[in-house]
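Visitor: no FASTA, just this:
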Ligand code: NAP
């Protein structure tokens with residue numbers, strides 16, 4: 001098992017890519033903190049992980065709320081005594097073309113995707129620094145590399161996540177903390193279910209692999225980057241897109 005006894009916090013683990021990643025990490029031997037804003041989803045995921053015979057706790061957290069994030073770190077340390085991996089996966093979309101996007105839509109997406117990622121990384125970094133080891137992996141997107149029609153706010157945050165990843169690599173790698181990002185293409189989750197089917201079909205057609213991604217495709221990338229197999233990888237942005245170029 002590639003993550004044996006490692007303690008992993010996965011934000012947004014209630015559903016979608018985060019939920020699949022939590023289960024995959026558990027199967028690889030990690031102890032899991034299911035961190036999400038939705039308590040019902042948290043309970044379901046924790047039960048599923050415990051059914052695998054793996055340790056897991058659930059923590060309700062809004063990643064935009066610094067006090068709640070600090071509590072998440074405190075409760076994780078109380079439960080497991082260490083934090084080896086942070087997957088900054090929680091993220092949202094609120095799409096509109098530039099001319100129609102409201103200030104509220106812009107601020108909300110920036111708050112969750114950018115500030116939430118910052119909050120969690122900043123809160124966990126002193127612990128990983130003291131340990132002299134750790135891995136932080138941030139959820140960017142193909143949209144954070146190429147931009148996308150109707151996603152000014154989302155693209156800004158996912159470009160920003162790459163900027164933060166490279167900056168934290170420079171600041172934290174000397175202390176033993178690897179920082180990387182995954183840039184998924186279009187993945188079938190509750191987030192993309194909101195998109196019109198014809199857009200999803202178009203995205204599948206555009207990808208040389210002629211399909212959309214699955215949450216497992218992304219979970220596999222997270223496992224690799226979190227594991228010791230990636231011990232010399234920091235500051236990277238791993239595109240998991242089926243080759244799509246927008
Ligand atoms: P998803 O199905 O919408 O799941 C996101 C999870 O995050 C949900 O459980 C959600 O809770 C939770 N969440 C939302 N706001 C939160 C907050 N403030 N604090 C804590 N948790 C919060 O999304 P996904 O498709 O799995 O995407 C996961 C990540 O991958 C996101 O960062 C996304 O931008 C990125 N990504 C996804 C795709 C894709 O095609 N799906 C592509 C590229 C990148 P609720 O259920 O209560 O909202």
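Guide: Done, it's in. No experiment lies behind these values; they were computed from the predicted model shown.
Visitor: Is the ligand within reach of the longest helix seen in the chain?
Guide: When the chain is parsed with DSSP state H, its longest helix is helix 152-172. No: contact of helix 152-172 with the ligand (Cβ under 6 Å from any ligand atom) is absent, the minimum separation being 6.8 Å. Using the backbone N, CA and C atoms, a C-beta is placed for each residue, glycine as well.
Visitor: what helices or strands is the next helix or strand after that helix leaning on?
Guide: Note on helix 152-172: by DSSP states H and E, the next helix or strand toward the C-terminus is strand 177-184. For strand 177-184, the helices and strands in contact under the criterion 3 or more Cβ pairs under 8 Å, 6 or more residues apart in numbering; DSSP states H and E are helix 116-131, strand 134-139, helix 152-172, helix 215-226, strand 237-240.
Visitor: Now strand 177-184: average pLDDT?
Guide: Taken as a whole, strand 177-184 has an average pLDDT of 99.
Visitor: List the contacts of whichever helix or strand comes after it.
Guide: Going down the chain from strand 177-184, the next helix or strand is helix 190-193, by DSSP H and E. Around helix 190-193, the neighbours that count as contacts under Cβ atoms under 8 Å, 6 or more residues apart in numbering are 15-16, 91-93, 186, 200, 212.
Visitor: can you tell me which two in those residues are farthest apart?
Guide: Greatest spacing in these, by Cβ to Cβ: 92 and 212 (19.3 Å).
Visitor: Just want to know which of those two has more residues nearby.
Guide: Comparing residue 92 with residue 212 by neighbour count (other Cβ atoms under 10 Å), the higher total belongs to residue 212, at 19 against 16.
Visitor: Lovely, talk soon.
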